[in-house]
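Asker: model this:
(2 chains)
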Amino acid sequence: MRTHYRTYLVMAVLVVAALVLTACPAQQPAAPAEPQVVEVTRIVEGTPEVVVVTATPEPGMMEEEKVTVNYNWGTEPPTADPALATDTTSSALIGSIFMGLTDLDDETQEAVPALATSWESNEDKTVWTFKLRDDIPWVVYNPATGETEVVTDDEGNPRMVNAHDVVYGVKRTLDPNTASDYAYILYYIAGGEELNNADPAAENFQELYDATGVEALDDYTVQFTLKVPASFFPQIASMSQTFPMPQWVIEEKGDRWIEPGFIATNGPYVMTEWIHGDHLTLEKNENWPLWGTDYAPSNIERLEGVMIEEVSTAFALYESNELDTSGVPLEQIDRVKADPVLSQEFVNAPINCTYYYGFIMEKAPTNDVRVRKALSAGIDRKTLVEQVTKGGQIPANTFTNPLNFGSPAGDPEVAPWALPEDMGGTGYAAAVEMGKGLLEEAGFPNGSGLDVLLMHNVSEGHARIAQAVQAMWQSAYPEMNVTIETQEWRVYLKTIDKDSPLEDQPNVFRLGWCADYPHANNWVHEVFNTNAGANRVRMSEDDPQVGELVKEFNETTVKAQVASEEDAKALYKRAEQLLVDEIVAIAPIYYYTTVNVTKPWLQRTYDPIKLHLYKWQLDWEAKKAAMQ
Amino acid sequence: MTQYIIRRIFWAIPVLFMVILVTFVMARALPGGPFDFAGDRSLPESVRKNLARKYNLDDPLAVQFAKYMADVLRGDLGPSFRSRSQTVNDILAQSFPISFQLGILSIILGLLIGIPAGVVAAINHNGFLDYFSSFIAILGVSIPNIVLGPFLIWLVGLKLGWLPVARWGADYTEFYFGIIPPLTSVDFWTHAILPTITIGTGLSAGIARLTRASLLQVIREDYIRTARAKGLPSWAVIFIHALKNALIPVVTILGPMFAAVVTGSFVVEQIFGLPGMGRHFVQSVTNRDYPVVLGASLVYAVLLVLANLFVDIAYAFLDPRIRYD
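Answerer: Alright, predicted model coming up:
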């Protein structure tokens, strides 16, 4: 009996011993009810330092009922640091807990007052002066008490957000020590690029730092001096890279300053809990003076946000009432549209991104403008969005998404052959006829002898589109040959980089572009101007066929930066005509949309860039009734 | 025995060093760096330079490796490139416990189903129960998690409404010693059931087939005939004499299985929205987040070495003929 008992004991011991021996460095168990002090040793710039953090579950708070929205962040936000954010999740979080100089209007995407109440520029748009509110305090959430506390100065007065905080924030983004990915967005500021490019150990570093073109004229006036004229600067001022930042916290806490309990913020909500990879909770900042105004009419007191990456999982949570709003997985779209309840909750909202195919203009046969135009015309955009992508995307005839200032999207004077007839274009049949003629001229009658390599990064969605486009091209120009290749994302980006060897590159690559700020300058100029953008298409003023047009394109996007609003619109339209119809550097395919479902008790905005939680409304009684 | 264990642990050091070295070199050999792009956009040279300086990526590779090894010996696995406020230690301390808990539950379920199923099949060799259990086992092996998981969510979570559809029932602030879940929490158990079934049934199928095959071999041995001849009841022959030997191959696969399962499954974690470690193996490579790639691989290697050591020790208990001195 003894031995047989031992056999099973061994199995048990194996499991238990492994459990004990592999245990990670122990974290303290959190007692369920009592507040407790946890000592955490961490290394700050090489010196060990003991920080006392108070971790408190808040039993008393749970009974107090808060109007709560259940949201899916979609992924762990890479950061809550305004200087570092590059992705939509981080931006949505930062936009909820911080308040920047300007905000964007949900409908028009124009800059509207936020922390800045008004702004003005000099005649040539190189100096911008912003007047700031003086009633927004810095606040810190205290996990020990569950209260949001106003930061006070030495005299005990509330520490209001001021122009110096903005100056610090801007300079911090540009400071090479911060190593912000997005610092280049602020290169428009005089001295910005020089500061970001400097060696922090260099002797003149402080000089460069001081010389950067942002200063506080008084406590509530901040002035930017730009390197080049920029009519779109108020929109750049809505980006988190220009936000006020709490210098004292950042200097004391280092990289961890963004954790709840440390981070000082000035926005409508405070971050009360951030369980990395799992959930992040926001609560209303009662000290924020704009509640109840038109700017922030929301009644939402709490946001519980999970981080579910898989859309079908998020959708299942939505169906079981654990999320109030969610995306819809592609394979469920047909069911959602047919379902009597879900179809009422379905919303198709535009987002500020464009899906496009780029042509490598130095590689045969796409070095011939006629071939490029025939290929672009050979894409049946309407069929593609209706039969393949199915998410309510809009066929595109421009690079700049319609949500931006200066976008001529849908204007039949820009590449009418790309638009279906019901959108004012010439329709697909006519486009194919035009394409056939162009190919014949170029020496590829019916596509004979035309060999095109199309590349995209690995993804089911991109593959479906590429296969559809391949089929469209081959039916339009029956004798052409289309090969599709795929690569892993980072390898792919490397392959289609302007500096990669031409023999590794395809003829056609797929990419998307999303606005950093909603202005055509962020599109045509920053992406394709050969002196400013990434120029993956290898467009050149020396091109034998279209060199002159490229030159005109480059001049046009620069001219538009200083032009009056009306003139700028005309110039951007001209730039799109050049890019899409005359140079044909790219084939715009569609403007993105999100497919969402939202419960009837939640009224939310679908701002293409910002989350704008403080504009949502929740019918709390209806939600509670539905949950029972 | 003690000497043997010490010798094995000593031998683990060069093994782990090689793992780090190879992973380090391979991660960096991948085309594209962590800071070439933000989303679709390529970053300007000045920005890349600042990032490289901040993370010491501008040093020669050998220097970077030496610095990394020095940090690892101090228990510091470095910063994460993607989550800029977090270290790899943070990320692993937050995500490993969840994968570990799910992995242990799945292995327990796998053993609870697999061993009895294998025994029943072996006893009824070529009988109905044998074919039936083989059929179920093949089904279990061949239905991938990516099918079973969503099916369970749909059936048990949504249609029947018996269990939560996704997420883990506890987070790292609630774990005892940073790793043991609140075992009295109903929330924990209800959330754990579906992902445990998803992984555990797959494991049990393999365990059952192995147990059956091994037991069939053992019950033909002379000592089993002897046991029967001396009049022992059938159950005692199987459970006291045969099964013990038959479990040796099962214990052998349990080592690597343990290391693989407790470090998480990308697919199951994505399907159930679990903040486990499996996703870091995949996403850190996609993001070229070198320190996370290395940290995750190192944890896996350490677990594999430890698990195999335990397996070898367990042999000595299961089969007294095996001695290590």
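Asker: for chain B, give me its nearest residue in the stretch 401-550 of chain A.
Answerer: In the stretch 401-550 of chain A, the residue that lies nearest chain B is A:Arg490 (3.2 Å; Cβ to the nearest Cβ). To be clear about C-beta, it is placed using only N, CA and C from the backbone, and glycine gets the same treatment.
Asker: doesn't B:Asp36 make contact with that residue?
Answerer: Yes - at 7.2 Å, A:Arg490 counts as touching B:Asp36 under the criterion of Cβ atoms under 8 Å.
Asker: higher neighbour count, these two?
Answerer: Higher neighbour count among A:Arg490 and B:Asp36: A:Arg490, with 20 against 17, using other Cβ atoms under 10 Å in any protein chain shown.
Asker: how near is the more buried one to A:Val414?
Answerer: To A:Val414, A:Arg490 is 33 Å away according to Cβ to Cβ, to the nearest Å.
Asker: now A:Arg172
Answerer: 40 Å.
Asker: next: B:Gln3.
Answerer: Distance from B:Gln3 to A:Val414, by Cβ to Cβ: 81 Å.
Asker: the two: who's more crowded?
Answerer: When B:Gln3 and A:Val414 are compared for neighbours, A:Val414 comes out ahead with 26 against 9, by other Cβ under 10 Å.
Asker: wait, that one sits on A:Leu579?
Answerer: No - with contact defined as Cβ under 8 Å, A:Val414 does not reach A:Leu579; the gap is 9.1 Å.
Asker: B:Val311 contacts B:Gly255, doesn't it?
Answerer: Yes - counting by Cβ under 8 Å, B:Val311 does reach B:Gly255; the two are 3.9 Å apart.
Asker: what about those two, which has more around it?
Answerer: B:Gly255 (22 against 18).
Asker: find the closest residue to chain A in the stretch 51-200 of chain B.
Answerer: Counting by Cβ to the nearest Cβ, the stretch 51-200 of chain B gets nearest chain A through B:Gly178, at 3.5 Å.
Asker: secondary structure class of that residue, three-state.
Answerer: coil (DSSP: H, G, I helix; E, B strand; the rest coil).
Asker: tell me the secondary structure for the residue of the stretch 1-150 of chain B at minimum distance from chain A?
Answerer: Nearest residue of the stretch 1-150 of chain B to chain A: B:Gly32, at 3.2 Å (Cβ to the nearest Cβ). Three-state assignment for B:Gly32 (three-state DSSP): coil.
Asker: show the contacting residues for the spatially closest residue to it that is not a sequence neighbour.
Answerer: What sits nearest to B:Gly32 in space, not counting adjacent residues and going by Cβ to Cβ, 6 or more residues apart in numbering or on different chains, is A:Arg490, at 3.2 Å. Residues counted as contacts of A:Arg490 (Cβ atoms under 8 Å, 6 or more residues apart in numbering or on different chains) are B:Leu30, B:Pro31, B:Gly32, B:Gly33, B:Asp36, B:Phe37, B:Thr286, B:Arg288.
Asker: make it 10 Å
Answerer: A:Asn457, B:Leu30, B:Pro31, B:Gly32, B:Gly33, B:Pro34, B:Asp36, B:Phe37, B:Val285, B:Thr286, B:Asn287, B:Arg288 (Cβ atoms under 10 Å, 6 or more residues apart in numbering or on different chains).
Asker: neighbours of the fifth one, how many?
Answerer: Other residues lying near B:Gly33 total 17 when counted by other Cβ under 10 Å.
Asker: ok, it - contacts?
Answerer: If you count contacts by Cβ under 10 Å, 6+ apart, then B:Gly33 has A:Arg490, A:Lys494, B:Arg48, B:Leu51, B:Ala52, B:Leu57, B:Phe81, B:Arg288, B:Tyr290 around it.
Asker: and the third one, by the same measure?
Answerer: Contacts for B:Pro31 (Cβ under 10 Å, 6+ apart) come out as A:Gln487, A:Glu488, A:Arg490, A:Val491, A:Tyr492, A:Leu493, A:Lys494, A:Thr495, A:Ser500, B:Arg288.
Asker: quick one: is stretch B:47-56 near chain A?
Answerer: Yes - using Cβ under 10 Å from any Cβ of the partner chain, stretch B:47-56 reaches chain A at B:Val47, B:Arg48, B:Lys49, B:Asn50, B:Leu51, B:Ala52, B:Arg53, B:Lys54, B:Tyr55.
Asker: most neighbours, which of those residues?
Answerer: B:Asn50 (27 neighbours).
Asker: for that one, which residues are in contact?
Answerer: A:174-181, A:183, A:196-200, B:35, B:43-44.
Asker: how about it, phi and psi?
Answerer: Torsion angles at B:Asn50 (phi, psi; degrees, to the nearest 10) stand at phi -60, psi -40.
Asker: ok, it to B:Phe37 distance?
Answerer: Using Cβ to Cβ, B:Asn50 is found at 15 Å from B:Phe37.
Asker: what of B:Pro31?
Answerer: Taking Cβ to Cβ, one finds B:Pro31 at 12 Å from B:Phe37.
Asker: between these two, what contacts are shared?
Answerer: Common contacts of B:Pro31 and B:Phe37, defined by Cβ under 10 Å, 6+ apart, comprise A:Arg490, A:Leu493, A:Lys494, B:Arg288.
Asker: relative to A:Gln223, which of these is nearest.
Answerer: Among the shared contacts of B:Pro31 and B:Phe37, A:Leu493 lies closest to A:Gln223 (Cβ to Cβ), at 37.7 Å.
Asker: show me where chain B has strands.
Answerer: B:37-38, B:41-42 (DSSP state E).
Asker: whoops, I mixed them up, the stretch 51-200 of chain A
Answerer: A:68-72, A:102-104, A:111-113, A:116-121, A:127-132, A:139-142, A:147-150 (DSSP state E, counting those that start in this stretch).
Asker: which parts of the fourth one are buried?
Answerer: Residues of strand A:116-121 classed as buried: A:Ala116, A:Trp119, A:Ser121 (neighbour count, 16 or more other Cβ atoms under 10 Å in any protein chain shown).
Asker: quick check: bridge partners of the last one?
Answerer: Right, the one you point to is A:Ser121. A:Trp128 (DSSP bridges).
Asker: quick one: mean pLDDT over stretch A:156-163.
Answerer: In this model, stretch A:156-163 has an average pLDDT of 94.
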